[in-house]
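Colleague: predicted model, plus sequence, below.
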Amino acid sequence: MLSIRDTFTPPTVLSTSFSGNGCPQGTTEASTAGLWDHFSFKLSSFKAKIGPSSNVAERTVNCQGHINIGGSTTGWQFALKDHWSRGYLEVDGAGVTLTQYVTVYFSQEPAKTATTVQSVPSTEDSGLSKELRLHSSIPEEALIWSPCDNSGILNVNFRMAFTSTARNVTAYYGASKNSSVTEQWGWTWRRC
């Protein structure tokens, strides 16, 4: 059975780069080999924390991927549809919320964006320590489609932020001893 991707050639990836306090230059492991299936990469420096010993700047962390693409088969567009993230969450106390924001836009139209938001509240008084996997999906009507010639720069900003109603609660999101924070992107396609 043929898939929709068997009927056209996907865009060429001219370059990839990353920016943000969660992925300083040289700290992101990414390969474009599987980009049009599911683009996966590791963020070894991505970490956020909150608590009496942390400062305000440490409460939110972001990494923005920039994918510079060239043309593909005329008449097709793509959009980021799904975003998966995985990281290690540790919370000591109740009253802390970790919120994930994923924002997508093309550089040619920076005002045209789609954002998904997911929150994970801490409701336990005792310690919480677990691998946190989140999946967000952009609704069909909010998808940000590539230009029909499939050229330009796609930007995907992944941000995690802690907020708290308690003073002495501490929390951490980032890499564990055995794994880095990871992201994965999934696509959808349509005719222009």
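Modeller: Right, received. Where do you want to start?

Colleague: which residues in the chain form strands?
Modeller: 13-19, 28-30, 39-43, 48-50, 60-69, 76-92, 96-106, 114-121, 127-137, 152-164, 170-174, 181-191 (DSSP state E).

Colleague: could I get the average pLDDT for the third one?
Modeller: Translated: strand 39-43. Mean pLDDT, strand 39-43: 87.

Colleague: what is the orientation angle of it with strand 60-69?
Modeller: Put simply, strand 39-43 runs at 140 degrees to strand 60-69, going by axes from the mean of the first three to the mean of the last three C-alpha atoms, to 10 degrees.

Colleague: which residues touch strand 39-43?
Modeller: Identification of contacts with strand 39-43 by C-beta atoms under 8 Å, 6 or more residues apart in numbering yields 22-23, 27-32, 34, 63, 65, 180-185. Just so you know, the C-beta spots here come from the backbone N, C-alpha and C atoms, and that holds for glycine as well.

Colleague: got the CA coordinates for that strand in CSV?
Modeller: Written as CSV, here are the backbone C-alpha positions of strand 39-43 (Å, rounded to 0.1, in the frame of the first residue of the first chain):
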residue,chain,number,x,y,z
PHE,A,39,12.8,14.0,13.7
SER,A,40,14.4,13.1,17.0
PHE,A,41,17.2,14.8,19.0
LYS,A,42,18.8,15.1,22.4
LEU,A,43,19.2,18.2,24.6
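
Colleague: just the angle for it relative to strand 181-191, thanks.
Modeller: 160 degrees.

Colleague: tell me the strands beside strand 39-43, with direction?
Modeller: strand 28-30 (antiparallel), strand 181-191 (antiparallel) (DSSP bridges).

Colleague: worst average pLDDT in those strands?
Modeller: Taking the mean pLDDT of the strands paired with strand 39-43, strand 28-30 comes last: a mean of 77.

Colleague: which residues touch the closest residue to His135 other than its chain neighbours?
Modeller: In this structure, His135 finds its nearest non-sequential neighbour in Trp84, 5.1 Å apart by C-beta to C-beta, 6 or more residues apart in numbering. Listed by C-beta under 8 Å, 6+ apart, the contact set of Trp84 reads Arg133, Leu134, His135, Glu183, Gln184, Trp185, Gly186.

Colleague: which stretches of this protein have low pLDDT?
Modeller: Scanning the chain for pLDDT under 70 picks out 1-7, 34, 71-74, 125-126.

Colleague: and the residue nearest the centre of it?
Modeller: Phe158 (3.6 Å; C-alpha atoms, centre = their mean).

Colleague: that one reaches Thr60, doesn't it?
Modeller: No. With contact defined as C-beta atoms under 8 Å, Phe158 does not count as touching Thr60 (11.5 Å).

Colleague: need the residues touching each of the two.
Modeller: With C-beta under 8 Å, 6+ apart as the test, Phe158 and Thr60 reach no residue in common.

Colleague: His66 and Lys42: what is the separation?
Modeller: Distance of His66 to Lys42, given as C-beta to C-beta, to the nearest Å: 17 Å.
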